[in-house]
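J.: What shape does this take:
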Amino acid sequence: MKALVALILLVQIAVYQANAHGPKPIGPSPPLGLRDCDSSEGEEAAEVAMDYINTHHKHGYKYALNRIEELRVLPRRPASEVVILELDLLETKCHVLNPLPLENCTVRELINHAIEADCDVKLLKEDGKLSVTGARCHSSPDSAEDIIKICPDCPLLIPLNDTQVVKTVELLLDQYHSTNDAYFMLIEIARAQMQAPNTIIAEFAISATNCSSKDASENVKACQALSGDQAQFGFCVGSVMHVPKEEIHVECEVYAPQSEVAHPVLAKDNVGLLPAVVQGFSHHNLRHSHSSQFNDSSESNSAEVPVAATLSAKLVVKRTVSEPTAEHPGDVLHPPPPQCPGRIRHFHI
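T.: Residues are numbered from 1 along each chain as shown. Predicted coordinates for the structure are as follows:
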């Protein structure tokens, strides 16, 4: 009997001690610093990040935001914040030399062999102002198999340095010069596709020179790209069908002079393809534009801070996770986890 009484007392003491510590939290606590991906602070940070990415991308096309995959905001002493973004982007039809604002650029359709990019971006927020301190990106085309499933006859990407592509661009540029007096030189081949069975479609950037088409036909080596206040760029889209007979179609848009724009290819006096960038590749990878941003990991010594280590853990919270329920009236529920990834703005690859 004494043993039974002692056991009851021990149980009552244990219950009392448990209740003394207060109500128990229910459900997992949200990951550190995770915020709603579609919040206003996420939209603001993504806008700054997109401007940075497109400004530093010197080849190929501008990219548009498709979805915010993750948003984290961490405090930083004494009074600033570090904002970390994971972004999903899509290639637009605007070449990087096109002065059209990004919001007016059309995202390339899925059936036009769309290209997707993933970017990790780190920003610093001080006095309410956001600035990018590091970015790491990688882009890749949708698989040919996926395109064929939804559109068997759609053109597919082929390597930019393919001999057929290079020959096609030469024919297209010659065709353009046959009806225009000013002579333009090739900056870069931006995109090339094969339309089965015998058509090559090419898109390429051009630069105005100090020559007329007649001057170039006599001595093309004397032609130099215009620079400074006279610098003028253009962009061409064309196709060459080889059989049953050769048919050439090309349209070029020449932009108004952009004195503040200096294309890196022109800066190096090396107009044409960049083998280190496009050799064997079907697009200009965003990785090549940002890989040099991570030479120094010291935040005090470099304005560009690597974010790879910070973003190594994927803290993506699915929207389908069910909310925990309290088992007892006194239990405390953690707030629901922030909603990430965010909404898809265009389409998913």
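J.: Helices of the stretch 1-150 of the chain, start to end?
T.: Using DSSP state H, counting those that start in this stretch, the helices assigned to the stretch 1-150 of the chain run over residues 2-20, 40-56, 144-150.
J.: Buried residues, the second one. List them.
T.: Within helix 40-56, the residues scored as buried using 16 or more other Cβ atoms under 10 Å are 42, 45-46, 48-50, 52-54, 56. No exception for glycine: its C-beta is placed from N, CA and C like everyone else's.
J.: and what of the last one?
T.: Within helix 144-150, the residues scored as buried using 16+ other Cβ under 10 Å are Ile147.
J.: So which elements touch the helix or strand just after that helix?
T.: Tracing the chain past helix 144-150, the next element assigned as helix or strand by DSSP states H and E is strand 156-157. With contacts defined as 3 or more Cβ pairs under 8 Å, 6 or more residues apart in numbering; DSSP states H and E, the packing partners of strand 156-157 are helix 144-150, strand 182-195.
J.: and those as TSV, adding distance to Gly234?
T.: Shown next, in TSV, are these (distance: least, Cβ to Cβ, whole Å):
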stretch	distance to Gly234
helix 144-150	29
strand 182-195	6
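J.: wait, is Val169 part of a strand?
T.: No: Val169 is assigned helix when assessed by DSSP: H, G, I helix; E, B strand; the rest coil, not a strand.
J.: Let me know the pLDDT of it.
T.: With respect to pLDDT, Val169 has a value of 96.
J.: contacting residues for it?
T.: Taking Cβ atoms under 8 Å, 6 or more residues apart in numbering, we find Val169 in contact with 186, 189, 202, 204.
J.: Run a quick neighbour tally on the third one.
T.: Read that as Ala202. 27 (other Cβ atoms under 10 Å).
J.: now the helices and strands packed on strand 156-157 in JSON lines, with mean pLDDT and distance to His284?
T.: Formatted as JSON lines, the helices and strands packed on strand 156-157 follow (pLDDT from 0 to 100; distance: least, Cβ to Cβ, whole Å):
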{"stretch": "helix 144-150", "mean pLDDT": "93", "distance to His284": "18"}
{"stretch": "strand 182-195", "mean pLDDT": "95", "distance to His284": "7"}
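J.: what's the closest of these to Ile158?
T.: strand 182-195 (5.0 Å; Cβ to Cβ).
J.: who does that closest one pair up with?
T.: Strand pairing for strand 182-195, using DSSP bridges, gives strand 156-157 (antiparallel), strand 199-212 (antiparallel).
J.: what distance separates the last one from the centre of its chain?
T.: Once both centres are worked out by Cα atoms, centre = their mean, to the nearest Å, strand 199-212 turns out to sit 25 Å from its chain's centre.
J.: can you check the shortest one too?
T.: Strand 156-157 has its C-alpha centroid displaced from the chain centroid by 19 Å (Cα atoms, centre = their mean).
J.: how about Leu156, what does it touch?
T.: 113, 144, 147-148, 193-194.
J.: What is the most widely separated pair among the contacts of Val169?
T.: Leu186 and Ala202 (10.7 Å).
J.: what about the nearest residue to Arg191 once chain neighbours are set aside, distance to Ala64?
T.: Leaving out its chain neighbours, the residue that sits closest to Arg191 by Cβ to Cβ, 6 or more residues apart in numbering is Glu203, at 4.2 Å. As judged by Cβ to Cβ, to the nearest Å, Glu203 and Ala64 stand 17 Å apart.
J.: Ok, Pro101 next?
T.: For Pro101, the distance to Ala64 - Cβ to Cβ - is 11 Å.
J.: quick one on the thing from earlier: can you redo the buried residues of helix 40-56 as JSON lines with distance to Asp229 and pLDDT?
T.: Output for the buried residues of helix 40-56, formatted as JSON lines (distance: Cβ to Cβ, whole Å; pLDDT from 0 to 100):
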{"residue": "Gly42", "distance to Asp229": "40", "pLDDT": "96"}
{"residue": "Ala45", "distance to Asp229": "36", "pLDDT": "97"}
{"residue": "Ala46", "distance to Asp229": "34", "pLDDT": "98"}
{"residue": "Val48", "distance to Asp229": "30", "pLDDT": "97"}
{"residue": "Ala49", "distance to Asp229": "31", "pLDDT": "97"}
{"residue": "Met50", "distance to Asp229": "29", "pLDDT": "97"}
{"residue": "Tyr52", "distance to Asp229": "27", "pLDDT": "95"}
{"residue": "Ile53", "distance to Asp229": "28", "pLDDT": "95"}
{"residue": "Asn54", "distance to Asp229": "24", "pLDDT": "94"}
{"residue": "His56", "distance to Asp229": "24", "pLDDT": "90"}
